[in-house]
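Asks: show me the folded form of this:
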Amino acid sequence: MGKKRNKKYTDWYEVKCNKAEQKMYDDLANQARQTKEQRREENRKNADPLGAALGYSINTLNHVIDGDFSFHADRFGKSITAIHYGLGQEAVYQQLYRCPITDERSVFRTISDTLKFEDDIRARGWWHHTSSIFSPQLCFRDGGAVTVGSDRLHDCVNARIGNQNAHITKHEHIVAAPEIAGLGFGSYALGHHFLFLLRNYWRHRGKRYARRR
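Replies: Presented below is the predicted three-dimensional model:
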């Protein structure tokens, strides 16, 4: 008959104290939460107004474009998902960087410089000497705005549009044929139809601002 093993000596009071100590530390860890004011302050520090506005806009204004595309974003605009239903594929785009619009690497500066160049060079007609008896004439190669003239209600500007003599009015806008085709998804007839509908809508809306400059 083997020897009876001695029980390991334990101090019941020490065990009880250890358990109480562990429970106290657990309670302290569970209670270490931020107050509402601390949470608000933390949210203010990490706030991203631009990202939040972008995420909100994409998610609330989201719609299918051309029957194929839809766009989705997270709450803070950190990632944007583009889904192409026709191809059955999607792509996720992540935010690369943020900078002020006045920064040298800003896309805004590039776009604004380009648009200013187009406004100065392409978005208006230019005077040219032509074979017409009305020479010089305001010629439009790619369309654009009519920025000259004495009266916005009188055709007083000699112009040449598509090799045709014409009289146009200040503040009118010449739309080129490729733009009509693009508006009509490749169809000139559909493009003219859309433009006619838009012109009627714009004309009625313009009456609200008839006396404004």
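
Asks: helix, strand or coil for the residue nearest to the spatial centre of the chain?
Replies: With distances taken as C-alpha atoms, centre = their mean, Leu54 lies nearest the centre of the chain, 7.8 Å away. Here Leu54 takes the helix state, with states given by DSSP: H, G, I helix; E, B strand; the rest coil.

Asks: can you tell me the closest non-neighbouring residue to it?
Replies: In space, and not counting its chain neighbours, Leu54 is closest to Gly77: 3.4 Å by C-beta to C-beta, 6 or more residues apart in numbering. Where C-beta positions appear, they are placed from N, C-alpha and C, glycine not excepted.

Asks: hmm, back to that, now the residue nearest to the centre of the chain: how far from Ile101?
Replies: Plainly put, Leu54 is 15 Å away from Ile101 if you go by C-beta to C-beta, to the nearest Å.

Asks: wait, Gly55 touches His72, no?
Replies: No: counting by C-beta atoms under 8 Å, Gly55 does not reach His72; the two are 9.4 Å apart.

Asks: those two - which one has more neighbours?
Replies: Gly55 (20 against 15; other C-beta atoms under 10 Å).

Asks: measure the more buried one to Phe76 for me?
Replies: To Phe76, Gly55 is 6 Å away according to C-beta to C-beta.

Asks: kindly report the same for Ile111.
Replies: Distance, Ile111 to Phe76, by C-beta to C-beta: 24 Å.

Asks: the more surrounded of those two?
Replies: Neighbour count, other C-beta under 10 Å: between Ile111 and Phe76, Phe76 has more, with 18 against 11.

Asks: who's in contact with Ile174?
Replies: If a contact means C-beta atoms under 8 Å, 6 or more residues apart in numbering, then Ile174 has Gly125, Phe140, Gly143, Gly144, Ala145, Val146, Ile161, Ile168 as its contacts.

Asks: domain parsing for the chain?
Replies: What automatic domain parsing lists as the domains of the chain is 49-94, 120-209.

Asks: re earlier: from memory the residue nearest to Leu54 sits against Gly51, does it?
Replies: Yes: between Gly77 and Gly51 there is a contact under C-beta under 8 Å: 3.7 Å.

Asks: related to what we said a few turns ago, tally of neighbours for the residue nearest to Leu54?
Replies: Around Gly77 sit 19 other residues, with neighbours defined as other C-beta under 10 Å.

Asks: just Gly186 next, same as before
Replies: 9.

Asks: can you show me the strands along the protein?
Replies: Using DSSP state E, the strands assigned to the chain run over residues 69-73, 79-84, 89-94, 126-128, 137-140, 144-145, 157-161, 164-168, 173-174.

Asks: quick check: buried residues in the first one?
Replies: By that I understand strand 69-73. For strand 69-73, burial by neighbour count (16 or more other C-beta atoms under 10 Å) applies to Phe71, Ala73.

Asks: oh, and call the first residue 309 from now on, that's how I've got it
Replies: Okay, using 309 as the starting number, the last item reads as strand 377-381.
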